[in-house]
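Enquirer: how would this look folded up:
(one chain, ligands or ions: 1)
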Amino acid sequence: MMEQTLAILKPDAVRKKFSGAILARYEKEGFRICALKTRLLSKAEAEGFYAVHRERPFFASLVDFMVSGPVILVVLQKENAILAHRQLMGATDPAKAEKETLRALYGESIEYNAVHGSDSAETARFEIPYFFSTVEIVG
Ligand code: CMP
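Expert: Just a heads-up that it's a prediction; the model follows:
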């Protein structure tokens, strides 16, 4: 099934100039980049995006990190894109991520983990329109 997923290149990856390598990897792995923009998120936007985690002890720190510098928001499309992107990212904690996954290559800690990806079809249906209007996505 052709699917779309939201990827975020997080402030740590952008700051370290890993964006080009990550985007190149997406294309190499057969994803199509349907939409892309650089944004400095507001605190309210980051809190809303990660609202499912608001009771977690790391929530405030996660929000502070996500607004600490520009992020690159990307809509990726491919057959089974959501699972394919999750596999390409690797485990949340880069120390536990498989070799050659994006988080193993570019992440440095469970919080500074370089990339975000939608974790289910339901999440993607929330996350993609959170940042992109229909006319911005070339499917
Ligand atoms: P992400 O895939 O963007 O979804 C939620 C984020 O919360 C996750 O990546 C991590 O950056 C962060 N996160 C998850 N677990 C922890 C944790 N135990 N401590 C700090 N940050 C975490």
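Enquirer: Up against the ligand, what does the chain have?
Expert: Within the chain, the positions adjacent to the ligand are 53, 58, 62, 92, 110, 111, 113, 116 by CB under 6 Å from any ligand atom. Every residue, glycine included, has its C-beta placed from N, CA and C.
Enquirer: And the helices in this protein?
Expert: Assignment of helices within the chain using DSSP state H yields the ranges 11-15, 19-28, 43-49, 59-66, 81-89, 102-106, 121-131.
Enquirer: now those as a markdown table including mean neighbour count and distance to residue 2?
Expert: Output for those, formatted as a markdown table (neighbours: other CB atoms under 10 Å; distance: least, CB to CB, whole Å):
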| stretch | mean neighbour count | distance to residue 2 |
| --- | --- | --- |
| helix 11-15 | 19 | 26 |
| helix 19-28 | 14 | 16 |
| helix 43-49 | 15 | 24 |
| helix 59-66 | 16 | 29 |
| helix 81-89 | 20 | 8 |
| helix 102-106 | 22 | 22 |
| helix 121-131 | 16 | 12 |
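Enquirer: would you turn those into CSV with distance to residue 35?
Expert: Shown next, in CSV, are those (distance: least, CB to CB, whole Å):
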stretch, distance to residue 35
helix 11-15, 17
helix 19-28, 12
helix 43-49, 16
helix 59-66, 19
helix 81-89, 13
helix 102-106, 19
helix 121-131, 8
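Enquirer: Please render those helices as CSV that adds mean pLDDT to the earlier fields.
Expert: Formatted as CSV, the helices of the chain follow (pLDDT from 0 to 100):
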stretch, mean pLDDT
helix 11-15, 98
helix 19-28, 98
helix 43-49, 98
helix 59-66, 98
helix 81-89, 98
helix 102-106, 98
helix 121-131, 98
